[in-house]
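Trainee: what's the 3D shape of this:
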Amino acid sequence: MIHQILTWLMLAVPTDSVGVLLDADFHATAALRPSLPGGSADLGQVEAYSENWSARRMDPERAAQWQNLPAMASVGLRARWDSAKIFVELPLRRDFDAWRQDPSGANLVLSPEELDINIPNEGWISWTSARGLSLKAGRFRQSYSPSPFGVVLGSNLLHDGIAAKVPLGRWSFDWFFSSLNPWLAGTKSDGRVDTGSEAYLQRMRSVTNQRGRIYADPYKSLFLHRLTCKVGDWDLTIGEQLIVAGVAPEWRHAVPFVVWHNNYGDGYSKVSTHLQAIWGLSSAHRMHVQGVIEDVKSPIGEVDGADPRVVYAVNAGWNGRASRASGHWSASLDLTATSATFNNHTIPLLKGVSRRLYRSNNRLQDRPEFVDTWIVDQPLGYSRGSDAIDLWTRLDWVSLDSTRGAGVEVDWLNQGDAAVWMDADGLQRRQGPVSGLVTTQVRVLPRAWMDIFRPIRLEAGAGAVLVDSPSGRSIDPVLDASVSVRF
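Mentor: I've put the predicted structure just below:
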């Protein structure tokens, strides 16, 4: 019925006269996806506003699991005019707090207070020229990694930004800007700042090159540009990622024609360099390696007693596919390693994270623990953050008519306790990866899906996670099931 109403509305608009094409789609999903085992989704209080009113931190991996959970219903609106496209998604999904407290992990919105109010999720406009020049602006997902476990915007997060791609023959150039949330914890309702909080450290702490200057204005911006050259079967890339925080962004930060922005770590910026190589062994096999360097110990210009660490991340992987009489097969293997302070920084706003504040109406104000804000720091690089070694493999099969499929994921994660939201000042001597208290997870998740009469899809997965942490060992089941209908 909803689809019919939307279709009638689209037909009522005289698109032919102005050359604009309008379209809408609707899909509904019933899904079960309990929160991952191995720890709590609630990482504790961040701020307190009264005796029973607070904001709390959300585990980023649980947050990603909730964000990727299909919405109970969603409407996608599209418009196209020549080479320009506009897209807006309006989901009806369950609040994070309601989802995490439900043992079944269902996505069904059962009452008005369980409705997620942090929408719309995605909305953007894009344009592509006949020669391949493309521009995109709005809120959209962006990654520059060939793998979901990559280290250059590998988390595939939603960004409020602008992306451009310029083809130059065998060369291509990418430029990206994202406006990140500069919110810091520690400010009281009367404007006073808690000693030792993030807001306090931003106002009081400095690095050597600041020469005593303080940058604490509420701004945080991400700029990225990269140049790629195709040489035979290779794609070779070099790029720069720049976080500018505590000051308003300026053209000198964004100018794409400067190879390295020579801010010299003056306390308002952090620069990292990334290199990437993709080798197409054949039409069915591809290998890649990607590395990021944020900080390197130099033999000159160092201050006595300064941090001796090297801050880095690397990802290497292989993808292959084959077609057989039984169907299409694909496989992948990824190894990722991150140092203990990758994406971290002693200046809070210079941390390589996208901070999201999710408002919630799930709890009544007179409850003993009233939480209306959940805070999640999602790493801009590798999705699982710093201090980790991760080996992940996947095998998938899809039938020749694309109506059935099956697959299995196997993941081995070894991660230290140097979390990205921790104060990096206490982690300076850690070399990593894998430092401090170490937790090992082994995850196995088989799954299968099948289309019924095309618009209906059944999907299910069941596996287990083995967790070996300082607090003990456990084996927990993992469930992922859904029924979806798309019009």
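
Trainee: okay, and for the stretch 1-150 of the chain, where does confidence drop off?
Mentor: Within the stretch 1-150 of the chain, the stretches with pLDDT under 70 are 1-18, 37-39.

Trainee: can you give me the helices in it?
Mentor: Per DSSP state H, counting those that start in this stretch, the stretch 1-150 of the chain carries helices over the ranges 2-12, 60-67, 96-100.

Trainee: what's the answer for the stretch 201-350 of the chain, then?
Mentor: Counting by DSSP H, counting those that start in this stretch, the stretch 201-350 of the chain has helices at residues 251-254.

Trainee: That one: strands as residue ranges?
Mentor: Using DSSP state E, counting those that start in this stretch, the strands of the stretch 201-350 of the chain run over residues 220-231, 234-245, 269-282, 285-295, 311-324, 327-338.

Trainee: what does the fourth one rub up against?
Mentor: Contacting residues not belonging to strand 285-295 are listed as 145-147, 150-152, 241, 270-281, 307, 309-320, 342-343, 352, 381 [C-beta atoms under 8 Å, 6 or more residues apart in numbering]. Using the backbone N, CA and C atoms, a C-beta is placed for each residue, glycine as well.

Trainee: How confident was the prediction at the spatially closest residue to residue 49 that is not a sequence neighbour?
Mentor: The shortest distance from residue 49 to any non-neighbouring residue, by C-beta to C-beta, 6 or more residues apart in numbering, is to residue 189 (6.5 Å). Per-residue confidence (pLDDT) for residue 189: 76.

Trainee: Which helix or strand contains residue 189?
Mentor: Of the helices and strands defined by DSSP states H and E, none includes residue 189.

Trainee: from the chain's centre, how far out does stretch 373-381 sit?
Mentor: 8 Å (C-alpha atoms, centre = their mean, to the nearest Å).

Trainee: Other residues contacting it?
Mentor: With contacts defined as C-beta under 8 Å, 6+ apart, stretch 373-381 is touched by 46, 55-60, 63-64, 96-97, 151-155, 157, 185, 222, 241, 292, 313, 338, 342-343, 351-360, 385-386, 420-421.

Trainee: And for stretch 463-473?
Mentor: 36-39, 409, 437-446, 474-478.

Trainee: how much space between the residue nearest to residue 49 and residue 195?
Mentor: 17 Å (C-beta to C-beta, to the nearest Å).

Trainee: Straight-line length of stretch 145-164, end to end?
Mentor: By C-alpha to C-alpha, to the nearest Å, the extent of stretch 145-164 from end to end equals 16 Å.

Trainee: With stretch 129-147 instead?
Mentor: 27 Å.

Trainee: Buried residues, it. List them.
Mentor: Within stretch 129-147, the residues that qualify as buried by neighbour count (16 or more other C-beta atoms under 10 Å) are 135, 136, 138, 139, 140, 142, 143, 144, 145, 146, 147.

Trainee: Looking at those, spot the one nearest residue 116.
Mentor: residue 139 (15.5 Å; C-beta to C-beta).

Trainee: Return the residues in contact with that closest one.
Mentor: Contacts of residue 139 (C-beta under 8 Å, 6+ apart): 120, 121, 122, 123, 124, 158, 159, 160.
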